[in-house]
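Here's a sequence, model it:
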Amino acid sequence: MIHVGTPENDAVSDTVARTRGDDRRDPGGPNSRTAVQLDPDLAMAVLGAADANLRALEELLDADLHVRGGTMTISGDPGAVDQASRVVSDLLRQAGRGVEITPASVRRSVEILADSGPLTPEEVLGTDVLSRRGGMIRPKTVGQKRYVDAIDDHTVVFGLGPAGTGKTYLAMAKAVAALRAKDVSRIILTRPAVEAGERLGYLPGTLHEKIDPYLRPLYDSLHDMMDPEAIPKLMAAGVIEVAPLAYMRGRTLNDAFIILDEAQNTTPEQMKMFLTRLGFGSKIVVTGDITQIDLPGGQRSGLKVVRDILKGVPDIHFSELTSADVVRHALVARIVDAYAKHEERLERGEDPTTGHRNREHHRR
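Modelled structure (predicted):
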C-alpha cells in the first residue's frame, strides 16, 4: 500500500481504518517499521511525477510505503522493510548525483540490490560515461558497468552479447569521451560489409554509396553523441573515420580509439588482420553477437574462435553481456532468451517443434 500523506488524506484514512476496525497506525500491526527522511530538494525526483516512481516501488517491493511531508515510513516484514529502506536510500543518493530517477531505473535499482553483488545501484547507475545533448550517458546494468570499467582498464576489450545490451553504444560513448579528453587524437569506426559480399557490384551508386548502408548505425550513434554540424568537419580532417573493415588492411593505427562492430561477421583471418593494426597509444573495442552470424558458405566466425586463441593474453579482456543487460523494450530480453533456448534444443538434437505439436495434440 502507498499512502501519500496530506491532512485531508490522513483524516480519510483514519475514518476508513476506524470503520473497518483496522487502525494501521497500531504498532502491533506490521512486524517492522522504519522512517526515511526525504531531502526536500530530492523528494520530487525520487517520488517521480504524479508519484510514478513511488508506484513502481510499491509494485516491486513487499513493504508498505507511507509518505507524509519529508518522511517516508516503511512497514512490513523485517526483511522487506530492510530491502525497501536500502532501495529508497540509494535512490536518494542517485538523485543527489543528478541521476534521473524513472520507473525503469527504480526497477533496475531493486534488481541490483536483490543480486547482493559488490556494486550498489548508485555505483552502477551513477557512473558518468559521456555528457551529450539532452543528458548523460551512463550504464544501466551491472554488466554494462563492468564493461565500461574494462574499457578503462584494458587496451583490447571484446564486448560480446545480444542485441540491445548497449555494447556498441557504450563503446562509442567511451570513444567520444576519450577524444574530448585528448586521450586519443582520432576515432576509427569499422564494420565488415559482409552482407554485400560479391553482390556489392550489383548495387546502384558509387562504392561509397554501396557501402554506406552497412556503416549507417555507426553514423547514427555519432549523431546522438556529438554536434551533427561538427561531424563532417571532423571526418574531413581525419579525426573521425568510418570505414569498412577491408580498408584497415596494411595500416598501423596510432593514438586512436578503434571500434570494430558486428565482429561476428569477420573471418578468423580478418580478425587477426584487424587486431594487428593496433599501434602505440591506441585502444581497441570489438563488439559482436555470435548468435547472429551472416557469413556466407558456413565460414567460421573470427569472433567465435578468437577467445580460445587469446585466452590468457595480458591486457585483453572479454566482457559477456546477457539478456539481463538488454535495455530496450522488456520484450527484447524475452525474445533473446527464447532464441537461446531454441538453439540449445537444436544443439542437443531435439526437435524444437515437438513440444508445440504435443500441446496442440492435447488441446484437440
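
Return the distance of residue 256 relative to residue 248.
Between residue 256 and residue 248 the distance is 11 Å, computed by Cβ to Cβ, to the nearest Å. All C-beta atoms are positioned from the backbone trio N, CA, C, and that covers glycine.

Likewise for residue 64?
Residue 64 is 59 Å from residue 248, by Cβ to Cβ.

now do residue 117
Computed with Cβ to Cβ, the distance linking residue 117 and residue 248 is 38 Å.

Could you tell me how far residue 271 is located from residue 293?
Applying Cβ to Cβ to residue 271 and residue 293 gives a distance of 13 Å.

returning to that earlier point: between residue 256 and residue 248, which has more neighbouring residues?
The residue with more neighbours, out of residue 256 and residue 248, is residue 256; 25 against 19, by other Cβ atoms under 10 Å.

got a list of what that one touches?
Residues near residue 256 by Cβ atoms under 8 Å, 6 or more residues apart in numbering: 184, 185, 186, 187, 188, 279, 281, 282, 283.

Comparing residue 271 and residue 293, which shows the higher neighbour count?
residue 271 (24 against 18).

OK, contacts around that one?
263, 302, 303, 305, 306.

Dig out what the closest residue to residue 261 other than its chain neighbours forms beta bridges with.
Nearest residue to residue 261 in three dimensions, chain neighbours excluded: residue 191, at 4.8 Å (Cβ to Cβ, 6 or more residues apart in numbering). Counting by DSSP bridges, residue 191 forms beta bridges with residue 244.

Surely residue 191 touches residue 245?
Yes: judged on Cβ atoms under 8 Å, residue 191 makes contact with residue 245 at a distance of 6.4 Å.

Spell out which residues are contacts of both of the two.
residue 260.

for residue 351, what are its contacts?
Residue 351 sits next to residue 345 when contact means Cβ under 8 Å, 6+ apart.

circling back to that earlier point, spit out the residues that contact residue 256 and residue 248 alike.
In contact with both residue 256 and residue 248: residue 188, using Cβ under 8 Å, 6+ apart.

burial measure for the nearest residue to residue 86 once chain neighbours are set aside, as a count.
Closest residue in space to residue 86, ignoring its immediate chain neighbours: residue 113 at 5.9 Å, by Cβ to Cβ, 6+ apart. Other residues lying near residue 113 total 17 when counted by other Cβ under 10 Å.

ok, residue 113 - contacts?
Per Cβ under 8 Å, 6+ apart, neighbours of residue 113: 83, 86, 87, 90, 120, 121.

And it, how far from residue 230?
Using Cβ to Cβ, residue 113 is found at 40 Å from residue 230.

what about residue 318, is that helix, strand or coil?
strand (DSSP: H, G, I helix; E, B strand; the rest coil).

isn't it right up against residue 309?
No: using Cβ under 8 Å as the test, residue 318 is too far from residue 309 to be in contact (11.6 Å).

Compare neighbour counts for those two and give me the winner.
residue 318 (16 against 12).

how near is that one to residue 96?
Distance from residue 318 to residue 96, by Cβ to Cβ: 35 Å.

how about the closest residue to residue 161 other than its chain neighbours, what does it touch?
Nearest non-adjacent residue to residue 161, counting by Cβ to Cβ, 6+ apart: residue 321, 2.9 Å away. The contact partners of residue 321, by Cβ under 8 Å, 6+ apart, come to 143, 144, 147, 159, 160, 161, 162, 165, 166, 167.

List just the nearest of these to residue 127.
Taking Cβ to Cβ as the measure, residue 127 sits nearest to residue 144 out of the contacts of residue 321, at 8.9 Å.

how many other residues sit next to that closest one?
26.

Was I right to think it contacts residue 166?
Yes: counting by Cβ under 8 Å, residue 144 does reach residue 166; the two are 5.5 Å apart.

Overlap in contacts, those two.
With Cβ under 8 Å, 6+ apart as the test, residue 144 and residue 166 both reach 321, 325, 327.

The second one and residue 189: what is the separation?
Put plainly, it is residue 325. 22 Å.

Going through the contacts of residue 256, which ones are buried?
Among those, those scoring as buried are 184, 186, 187, 188, 282, 283 (criterion: 16 or more other Cβ atoms under 10 Å).

Sitting in strands, which of those residues do you find?
When these are checked against strands (DSSP state E), the matches are 186, 187, 188, 283.

C-terminal to the helix or strand of the chain with the lowest mean pLDDT, what's the next element?
Least confident element among the helices and strands of the chain, by mean pLDDT, DSSP states H and E: helix 7-20 (a mean of 34). Elements were assigned by DSSP states H and E; along the chain past helix 7-20, the next helix or strand is strand 32-37.

hang on, the earlier thing: which of the contacts of residue 113 fall within helices?
Those of the contacts of residue 113 mapping onto helices are 83, 86, 87, 90, 121, per DSSP state H.

residues in contact with the last one?
Counting by Cβ under 8 Å, 6+ apart, residue 121 makes contact with 87, 90, 91, 94, 108, 109, 112, 113.

can you pick the most crowded of those?
residue 91 (28 neighbours).

What pLDDT is listed against it?
With respect to pLDDT, residue 91 scores 96.

which non-adjacent residue is nearest it?
Excluding the flanking residues, the one nearest residue 91 by Cβ to Cβ, 6+ apart is residue 46, at 4.9 Å.

before we move on, what about residue 248?
Distance criterion Cβ to Cβ, 6+ apart; nearest residue to residue 248, sequence neighbours excluded, is residue 277 at 5.3 Å.
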